[in-house]
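**Q** Okay, here's the prediction I keep looking at, along with the sequence it came from:
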Amino acid sequence: MKLQQLRYLVEVAKQGLNVSEAAEALHTSQPGISKQIRLLEDELGVQVFIRNGKRVVDVTAPGKEILRISERILREAKNLKRVAEEFVNEEEGSLVIATTHTQARYALPGTISSFMQRYPGVKLSIKQGSPTQICEFVLDGSADIAIATEGIDQFPELISLDCYQWNRSIIVPDNHPLLELRRHVTLADVAAYPIITYDFAFAGRSKINRAFEAEHLSPNVVLTAIDTDVIKTYVGLGLGIGIIASMAFDVHRDQGLFAIDASHLFEPSTTHIGVRRDAYLRGYTFSFIEGFAPHLKRETVERALNTYGED
């Protein structure tokens, strides 16, 4: 049994049982993958995949358990490599952050700038996606940590660490009637206009919906987007008023738009960091986490990992 054979198994499953796509992802040949999987099945004495001719069409019952164990073995092999790298050169390596557009664009720049100055030997990458996607990036090993407001607590394989709370602002173009109300804006006032805001899966959108529901109001959401800059663009065109994360508004950059604090209208949201329960984190990863959320010291994160490890 070889680790490479396990990688082939896991990648075929990951690619929806498409051996050709697995071969492309692993930069190898389809016949080579098929041969190695057959050899592994012969060694184990059971079939992992159900085939129809040359096509893989399903996973057998024992195959599902073999895949689960294979994924764990590959993760532990990666952890072993990280342990060795930590002692060989603690300031070189790679770190992949999976996050949403709002976090990448508005919350992370300062942290990333400081981190890159402190660890010039670490290759830093950002993978953007929806909260569900970024959690899956961490689960499949293509990212090290996830940063998001929604979704992390839906994955039991991840620990969720609270970072900071934030709230929302209503953005409007110049001379909009809501500017006359300012601090006295109500949800009923907001619901009287077409609204442009985040897609339901993003940036605490569920709390926006709950606030209107609690007042028995039906907001007229005419456009949703995953990108705050897109929301601001269409507000600027006069298509509606925007509800965005307050951190995403800059009075100097967003000329022609005005922000009205809406923290009295909506519950605050919390941004979280998600890490695999069984992850081995390099020293610089702890530094990145602390740089983003200063209260999350290394010992705090390690305690959370160890606590979950005892479950």
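**A** On my side now, so go ahead. Numbering: from 1, shown residues only.

**Q** ok, how many other residues are close to the residue nearest to Pro194 when sequence neighbours are not counted?
**A** Nearest residue to Pro194, sequence neighbours excluded (C-beta to C-beta, 6 or more residues apart in numbering): Gly240, at 3.5 Å. Every C-beta, even on glycine, is put in place using the N, C-alpha and C of the backbone. Close neighbours of Gly240, defined as other C-beta atoms under 10 Å, add up to 20.

**Q** Check whether Gly240 really touches Ala191, as I assumed.
**A** No: in this structure Gly240 lies outside contact range of Ala191 using C-beta atoms under 8 Å: 11.8 Å.

**Q** Distance check, the residue most central in space within the chain against Arg205.
**A** In the chain, the centroid-proximal residue (C-alpha atoms, centre = their mean) is Ile134; its distance is 2.7 Å. Per C-beta to C-beta, to the nearest Å, Ile134 is found 16 Å from Arg205.

**Q** Same question for Ala61.
**A** Computed as C-beta to C-beta, the Ala61 to Arg205 distance reads 39 Å.

**Q** out of these two, which sits in the more crowded spot?
**A** Ranked by neighbour count (other C-beta under 10 Å), Ala61 and Arg205 place Arg205 first, with 19 against 9.

**Q** Do I have it right that that one meets Ala211?
**A** No: applying C-beta under 8 Å, one finds Arg205 not in contact with Ala211, separated by 10.8 Å.

**Q** Where does the closest residue in space to Ala225 that isn't next to it in sequence sit, in terms of helix or strand?
**A** Once flanking residues are discounted, Ala225 sits nearest to Ile231: 5.3 Å by C-beta to C-beta, 6+ apart. For Ile231, the enclosing helix or strand under DSSP states H and E is helix 228-236.

**Q** just checking, next helix/strand downstream of that helix?
**A** strand 241-245.

**Q** just checking, what packs against that following strand?
**A** Contact partners of strand 241-245 among helices and strands, from 3 or more C-beta pairs under 8 Å, 6 or more residues apart in numbering; DSSP states H and E: strand 168-173, strand 195-198, helix 228-236.

**Q** Ranking those by mean neighbour count, which comes first?
**A** Greatest average neighbour count among the helices and strands packed on strand 241-245 goes to strand 195-198 (a mean of 25), per mean count of other C-beta atoms under 10 Å.

**Q** hey, C-alpha coordinates of it in PDB?
**A** Only the C-alpha atoms of strand 195-198 are listed here, as PDB (Å, rounded to 0.1, in the frame of the first residue of the first chain):
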ATOM      1  CA  ILE A 195     -32.700  47.200  -1.400                       C
ATOM      2  CA  ILE A 196     -29.400  45.900  -2.700                       C
ATOM      3  CA  THR A 197     -27.500  43.700  -0.300                       C
ATOM      4  CA  TYR A 198     -25.500  40.400   0.100                       C
END
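
**Q** Can you list the strands that that strand pairs with?
**A** If you go by DSSP bridges, strand 195-198 pairs up with strand 221-225 (parallel), strand 241-245 (parallel).

**Q** buried sites along the helix or strand just after the last one?
**A** Think strand 241-245. Next helix or strand after strand 241-245 toward the C-terminus (DSSP H and E): strand 257-261. For strand 257-261, burial by neighbour count (16 or more other C-beta atoms under 10 Å) applies to 257-260.

**Q** go on, stretch 65-74?
**A** Neighbour counts over stretch 65-74 (16+ other C-beta under 10 Å) mark 66-67, 70-71, 74 as buried.

**Q** Could you tell me which of the residues you listed belong to helices?
**A** 66-67, 70-71, 74 (DSSP state H).

**Q** quick one on the thing from earlier: a markdown table for the helices and strands packed on strand 241-245, including distance to Leu26 and mean pLDDT?
**A** Shown next, in a markdown table, are the helices and strands packed on strand 241-245 (distance: least, C-beta to C-beta, whole Å; pLDDT from 0 to 100):
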| stretch | distance to Leu26 | mean pLDDT |
| --- | --- | --- |
| strand 168-173 | 44 | 96 |
| strand 195-198 | 36 | 94 |
| helix 228-236 | 35 | 95 |
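
**Q** Indicate which one of those is closest to Ile97.
**A** For these, proximity to Ile97 was assessed by C-beta to C-beta; helix 228-236 is nearest, at 18.0 Å.

**Q** How far away from the center of its chain is the closest one?
**A** Centre-to-centre, helix 228-236 and its host chain are 22 Å apart (C-alpha atoms, centre = their mean, to the nearest Å).

**Q** now that helix against strand 241-245, angle please.
**A** Angle of helix 228-236 versus strand 241-245, following axes from the mean of the first three to the mean of the last three C-alpha atoms, to 10 degrees, is 160 degrees.

**Q** got a list of contacts for helix 228-236?
**A** Helix 228-236 is contacted by residues 101-102, 105-106, 171-173, 196-198, 203, 223, 225, 240-242, 244-245, 248-249, 254, 256-257 when judged by C-beta atoms under 8 Å, 6 or more residues apart in numbering.
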